Every structure is written in C-alpha cells, then in structure tokens.
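Asks: coordinates only, sequence not included:
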C-alpha cells in the first residue's frame, strides 16, 4: 500500500461522516446515549493513528526507533484543530448538521488517546514492521 493512502482514506471517511447531511440513511441500529461521542473519539483516534503509521512508513520515519515526540505533538495539535474546524464547518454549511462542543471534546479525547498509544507503542510497532 502506498504511504499516505491509509491516512487519505480515513480522512475522506471522517469528512463524509461528519459533514454530509445524512451519511448513514435508514440506520435502525439501536444506539446507547452518547454513542455519537464515542464515534467522534474513535474517528480522531483512527485518523491520528493512520497518519502516525504512514509517517512511520515514510522515508522521514524510517529507522526511527524512538517515538518522534515533536512530530506526534504536532499531530495531536493538528488533529484537535481538525476536530474544531469540522464542528465550525457543520455550523456554517447549513446542511442539517450542527456544531456541538461535546463532539469537539470527544474529538480532542480521541486525539489525546491516540497520542498516548502512539508514544507507548511506537517502538514495538516499529520493531514488528521491520522484522517482517
């Protein structure tokens, strides 16, 4: 798989799911209260994780056995900013979606969780990928 493809696919999916007026029509799946917040956190966790994974596979990330803390901090900030921009776009686009501060909090929580997981598992994943 080309470097960057995973991140692009997840980015497009997140944009579709958050900005399209009715991304999952006729969805009769029963949800628990707050399920949409969990989904927001998972989307930002997945996006950040894919970008970190693609970075690890890129020529910039090759050979780095220790986590690149500066890059991961930038990724954390950009993912949180991205979640905030999505909430503002939902408000401005007037397509039946509305901004929600709790969605933004969930986005930030997913980004922070991804940051922690990336720091904890960078070396192990790097070793696993290079030993194959």
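Replies: That came through fine. Computed from a prediction, not measured in an experiment: that's the story for all the values here. Numbers count the residues shown, from 1 in each chain.
Asks: Low-confidence bits of the protein, can you list those?
Replies: Counting by pLDDT under 70, the chain has low-confidence residues at 27, 60-64, 132.
Asks: in it, which spans are helices?
Replies: Counting by DSSP state H, the segments of the chain that form helices are 5-19, 35-57, 69-93, 101-131.
Asks: List of residues touching the first one?
Replies: It refers to helix 5-19. Defining contact as Cβ atoms under 8 Å, 6 or more residues apart in numbering, one finds that helix 5-19 is touched by 23-24, 39, 43-44, 46-47, 50-51, 53-54, 86, 89-90, 93, 95, 97. Every C-beta, even on glycine, is put in place using the N, C-alpha and C of the backbone.
Asks: picking up where we left off before, just the helices of the chain: most buried one?
Replies: Across these, averaging neighbours per residue (mean count of other Cβ atoms under 10 Å) puts helix 35-57 on top, at a mean of 20.
Asks: Tell me how far residue 97 lies from residue 56.
Replies: Distance of residue 97 to residue 56, given as Cβ to Cβ, to the nearest Å: 33 Å.
Asks: just residue 17 next, same as before
Replies: Using Cβ to Cβ, we find residue 17 at a distance of 25 Å from residue 56.
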